[in-house]
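Chemist: Curious how this folds, go ahead:
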Amino acid sequence: MKTFAIVPVKKFENGKMRLSSLLAGQERIRLLQILLEGTIETLKSASSISRIVVVSADRSAEAIAKDCGADFLLEEKEAGVNAGVLVADRYCAQAGAEATLVIPQDLALLKPSDLDGICNLAKEGTGDAANNLRSGCVVVSPSLRYDGTNALLRKPPLVMETYYDNNSYQMHIKKAAALGADVKTFLSDTVMFDLDTPEDAKFLVASSENTRVVLYLRSVVKQDMRG
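Modeler: The predicted structure is shown next:
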């Protein structure tokens, strides 16, 4: 199964504002850059991912994508995750993708085995996607709070639109089922954890992980703010 990963990226200066109590503006930007680099490297390490597509209105994201060996799609203006994914959907479909896997850049604990597990679930899906877009498979991995979507695989890529920022986990399941797709859920702590709040950052700082993201957070989060 030829699976393309889609990584939608906000402009770095607009990202992770909820971490403002811990990180200054340039520190947040650097964190987002490291997160994107790490996400691409993790995707490259997964045997199930054929190609990586970063979509963003940020030229800095373009430089990182190209340096890391990913395709890059430039949005004329930032219009939200769904709009960015739609741009990538069309690109992936035209490039011959059989499935797409939308992965945010802030899954700080993401493992290649998670990605392979999601794709293996999709391989078990049923339906003649070439003849009927209403058949196919959708695999959804929720956030820890079961409100957001931390991973979304669609086979074929255009089987349905995305519905981020709107209780997206339940919305994606509901829409996929309504279209007659084979709906599956993938549960993994390392996929379901996203770096979004000060509490998330403090959790990573105190963890046993020694990834670039965690090491960077330890270097910039002051000792008296870690509790």
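
Chemist: Check this protein and tell me which residue is nearest its centre.
Modeler: In the chain, the residue lying closest to the centroid (C-alpha atoms, centre = their mean) is I103, at 1.6 Å.

Chemist: Contact partners for it?
Modeler: I103 sits next to 5-7, 39, 43, 110, 115, 151 when contact means C-beta atoms under 8 Å, 6 or more residues apart in numbering. All C-beta spots, glycine's among them, are computed from the backbone N, C-alpha and C.

Chemist: For it, give its distance to D194.
Modeler: Distance of I103 to D194, given as C-beta to C-beta, to the nearest Å: 11 Å.

Chemist: Does M1 touch C119 like I think?
Modeler: Yes. When contacts are counted by C-beta atoms under 8 Å, M1 is listed as touching C119 (6.6 Å).

Chemist: which stretches of the protein form helices?
Modeler: 25-45, 59-67, 81-94, 112-123, 168-178, 189-192, 198-206, 212-220 (DSSP state H).

Chemist: residues in contact with the shortest one?
Modeler: Contacting residues not belonging to helix 189-192 are listed as 107, 109-111, 114, 118, 141-144, 150-151 [C-beta under 8 Å, 6+ apart].

Chemist: In ChimeraX, how would I select just the buried ones from those residues?
Modeler: Buried residues among the contacts of helix 189-192 (16 or more other C-beta atoms under 10 Å), as a ChimeraX selection:
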select :107,109,110,114,118,141,142,143,150,151
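
Chemist: which one of the contacts of helix 189-192 is nearest E98?
Modeler: Nearest to E98 out of these is I118 (C-beta to C-beta; 14.2 Å).

Chemist: how far away is that closest one from K11?
Modeler: Using C-beta to C-beta, I118 is found at 28 Å from K11.

Chemist: now do N166
Modeler: Counting by C-beta to C-beta, the gap from N166 to K11 is 21 Å.

Chemist: More neighbours: which of those two?
Modeler: K11 (17 against 12; other C-beta atoms under 10 Å).

Chemist: quick one: that one and R59 touch, right?
Modeler: No. The pair K11 / R59 is not scored as a contact, 9.3 Å apart, by C-beta under 8 Å.

Chemist: before we move on, back to that, looking at the contacts of I103, which two lie furthest apart in space?
Modeler: Pairwise over these, using C-beta to C-beta, the maximum falls at I6 and L110, 14.3 Å.

Chemist: Low-confidence regions, this structure specifically.
Modeler: Across the chain, residues meeting the criterion (pLDDT under 70) sit at 125-135, 223-227.

Chemist: how about the residue nearest to I40 when sequence neighbours are not counted, what does it touch?
Modeler: Spatial nearest neighbour of I40, chain neighbours left out: C68 (4.2 Å); criterion: C-beta to C-beta, 6 or more residues apart in numbering. Contacts for C68 (C-beta under 8 Å, 6+ apart) come out as 37, 40-41, 44.

Chemist: Dump those into CSV; add neighbour count as well.
Modeler: As requested, the contacts of C68 are arranged in CSV below (neighbours: other C-beta atoms under 10 Å):
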residue, neighbour count
E37, 17
I40, 22
E41, 15
K44, 14
